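[1] A predicted structure for the sequence below; I have some questions about it.
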Amino acid sequence: DAGVIQSPRHEVTEMGQEVTLRCKPISGHDYLFWYRQTMMRGLELLIYFNNNVPIDDSGMPEDRFSAKMPNASFSTLKIQPSEPRDSAVYFCASSPQGSYGYTFGSGTRLTVV
Amino acid sequence: EDQVTQSPEALRLQEGESSSLNCSYTVSGLRGLFWYRQDPGKGPEFLFTLYSAGEEKEKERLKATLTKKESFLHITAPKPEDSATYLCAVQRSNDYKLSFGAGTTVTVRA
């Protein structure tokens, strides 16, 4: 298996622009998680899905952030409009069952200038 | 709210010099405590899950233990390739999200 695949690896955008991050989980994994990592706050959960249904989005910072999972093999995290404070590494992870260790992707490094 | 505190923040070791990392936690109803390794520019890599006090798990030079309030990751005779940031995380019994600590960055010098 190729693991969890995220794209793009790096994204540089101007403040106010829309940014879309993409994730393909491991086939057969029912749980998908979006995390954000910064030096100041470490790894923070943004949202997670079970069988394509959002279960907990309490970590989504504000209405500028939205996430979708239209099918079992694809998820997006969208930021509109982007702000410099959104600069971070965004990780997607998947798990066959929620109680198992997650497999993380390589992340998307987002820089908003 | 769940709290996960890791210490020390950074650890510099000579090759072969064994040491331990600490993860203290406060969580309402622990399902499991997880250890991950993260290399620069990469996503965290799963190492262990511990479910109950007294449980121990080993992988190569790493051994993780769990009590009711903390977990230790012991590194025995480390090698330079063990250099990484080690993260611990807790999962509640009524949820599937992981709450992570800030990590311990380990540097092993040859």
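    All right, it came through fine. Numbering: from 1, shown residues only, chains lettered A, B, ... in the order given.
[2] Pull out the buried positions in stretch A:15-23.
    Within stretch A:15-23, the residues that count as buried by 16 or more other Cβ atoms under 10 Å in any protein chain shown are A:19, A:21, A:22, A:23. (C-beta placed from N, C-alpha, C; glycine too.)
[3] and if you look at stretch A:23-36?
    Judged by neighbour count using 16+ other Cβ under 10 Å, the buried positions of stretch A:23-36 are A:23, A:24, A:25, A:26, A:29, A:31, A:32, A:33, A:34, A:35, A:36.
[4] give me the element residue B:24 is part of.
    Using DSSP states H and E, residue B:24 sits within strand B:19-26.
[5] Do me a favour and average the pLDDT over that strand.
    If you average the pLDDT over strand B:19-26, you get 98.
[6] elements contacting it?
    Counting by 3 or more Cβ pairs under 8 Å, 6 or more residues apart in numbering or on different chains; DSSP states H and E, the packing neighbours recorded for strand B:19-26 are strand B:3-7, strand B:10-14, strand B:30-38, strand B:70-75, strand B:84-92.
[7] which parts of chain A sit against chain B?
    By Cβ under 8 Å from any Cβ of the partner chain, the residues of chain A that approach chain B are A:4, A:31, A:33, A:42-45, A:48, A:50, A:55-56, A:91, A:93, A:95, A:98-107.
[8] Now residue A:22. Nearest residue, chain neighbours left out?
    Spatial nearest neighbour of residue A:22, excluding adjacent residues (Cβ to Cβ, 6 or more residues apart in numbering or on different chains): residue A:7 at 4.8 Å.
[9] Over to the one you found: give its phi and psi.
    Here is the backbone geometry of residue A:7 (degrees, to the nearest 10): phi -150, psi 150.
[10] Write out the residues of chain B neighbouring chain A.
    Neighbours of chain A within chain B, by Cβ under 8 Å from any Cβ: B:31-32, B:34, B:36, B:41-46, B:49, B:87, B:89, B:91, B:95-103.
[11] repeat that for 6 Å
    Chain B has residues B:34, B:42, B:43, B:44, B:46, B:49, B:96, B:97, B:100, B:102 near chain A, with proximity defined as Cβ under 6 Å from any Cβ of the partner chain.
[12] Tell me which of the helices and strands packed on strand B:19-26 lies nearest to residue A:86.
    Nearest to residue A:86, of all the helices and strands packed on strand B:19-26, is strand B:30-38, at 21.1 Å by Cβ to Cβ.
[13] Please consider this matter closed, and thank you.
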